[in-house]
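Trainee: Let me see the structure of the following:
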Amino acid sequence: MFDVIRIPAFKDNYIWLLRKGASAAVVDPGDARPVLEALEREGLSLTSILVTHHHADHQGGVASLLAHYPAEVFAPAAESIAGASRPLHGGETIHPTFCDDEFQVIAVPGHTLGHIAYYAAGCLFCGDTLFAGGCGRLFEGSAGQMFASLLRLASLPEQTAVYCAHEYTEANLRFALAVEPGNRRLQSRVNEVAVARAKGWATVPSTIGLEKASNPFLRCGEPEVAASARRRVPGAVDEVAVFAALREWKNGF
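Mentor: Modelled structure (predicted):
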């Protein structure tokens, strides 16, 4: 089992540093500088880089990291990732050299068409697909693709730790409460997150169980969620249509 270290980057990104002994992997290094600083501070050698999708804030630091460490780079085969040496489609099992753990690669198109997630040792690294309290925008994929991807992640064990790539939780939960104001677990979560953020604490990782209980994008079959969506899009007759209505609503919320 590896340890996970949170590295803040840019305005609200999280880069995840995975440590086992003196070796390390990094997930979605959009910026090399804070990663290099963390490696030096922790006395670690970078052997593996895992990328979920092609957006610059997730892979912009790869080239600079490779100038310092000869790391293997796991990345979506369908997307252009600088320095990628291990192209992946989803469905593979990989063994990054920094540890003995087995990583499952999960195809999660929607935010981008080639987006992938990594699952190992009870930890999910899902980039911009599933957020704490929300989900990513549909920049390339369809609502049907994204909804299927979210259901794929929701099928993981409920205790799975969800390491998403942004600190969006507070804003996401404001929207969730507008969608499902009668959800008592959501109400409690809103209060818990407000306290955490007031103290400057991170709200990530979440868990699959918590997301299923309070994230509207994983609750499209719940009567209150569906009713809220249908007030905006009366023709939202199935869960995919409910999801599409929610995602469009969130875009302008």
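Trainee: which of the residues in stretch 178-193 are buried?
Mentor: Neighbour counts over stretch 178-193 (16 or more other C-beta atoms under 10 Å) mark 179-180, 183, 186-187, 189-190, 193 as buried. Just so you know, the C-beta spots here come from the backbone N, C-alpha and C atoms, and that holds for glycine as well.
Trainee: So which of those residues sit within helices?
Mentor: Within the buried residues of stretch 178-193, residues falling in helices by DSSP state H are 179, 186-187, 189-190, 193.
Trainee: element containing the nearest residue to P8 once chain neighbours are set aside?
Mentor: Using C-beta to C-beta, 6 or more residues apart in numbering and skipping residues adjacent in sequence, the residue nearest P8 is Y14, 6.4 Å away. If you go by DSSP states H and E, Y14 is part of strand 13-20.
Trainee: Kindly report the same for P8.
Mentor: P8 belongs to strand 3-9 when assigned by DSSP H and E.
Trainee: what's the angle from that strand to strand 13-20?
Mentor: Using axes from the mean of the first three to the mean of the last three C-alpha atoms, to 10 degrees, the inter-axis angle of strand 3-9 relative to strand 13-20 is 150 degrees.
Trainee: from the chain's centre, how far out does strand 3-9 sit?
Mentor: 14 Å (C-alpha atoms, centre = their mean, to the nearest Å).
Trainee: tell me what that strand is packed against?
Mentor: strand 13-20, helix 32-42 (3 or more C-beta pairs under 8 Å, 6 or more residues apart in numbering; DSSP states H and E).
Trainee: do that again at 10 Å, thanks
Mentor: Using 3 or more C-beta pairs under 10 Å, 6 or more residues apart in numbering; DSSP states H and E, the elements in contact with strand 3-9 are strand 13-20, strand 23-27, helix 32-42, strand 161-164.
Trainee: Deepest in the core, which of those is it.
Mentor: Highest mean neighbour count among the helices and strands packed on strand 3-9 (mean count of other C-beta atoms under 10 Å): strand 23-27, with a mean of 25.
Trainee: Let me see the mean pLDDT of that one.
Mentor: For strand 23-27, the mean pLDDT works out to 98.
Trainee: now it and strand 3-9, what's the angle there?
Mentor: Using the same axes, to 10 degrees: strand 23-27 against strand 3-9 is 50 degrees.
Trainee: ok, strand 23-27: who's next to it in the sheet?
Mentor: strand 13-20 (antiparallel), strand 45-50 (parallel) (DSSP bridges).
Trainee: Now for L218: which residues touch it?
Mentor: 130, 134-135, 147, 150-151, 153-154, 208, 211-212, 225, 243 (C-beta atoms under 10 Å, 6 or more residues apart in numbering).
Trainee: Kindly apply the preceding question to A22 instead.
Mentor: 42-45, 47, 98.
Trainee: same deal with P29?
Mentor: Per C-beta under 10 Å, 6+ apart, neighbours of P29: 7, 9, 13, 15-17, 35-36, 46, 49-51, 57-62, 64-65, 71, 73.
Trainee: circling back: please pick the buried ones from the contacts of L218.
Mentor: Burial by neighbour count, judged by 16+ other C-beta under 10 Å, picks out 130, 134-135, 147, 150, 153-154, 208, 211, 225, 243 from these.
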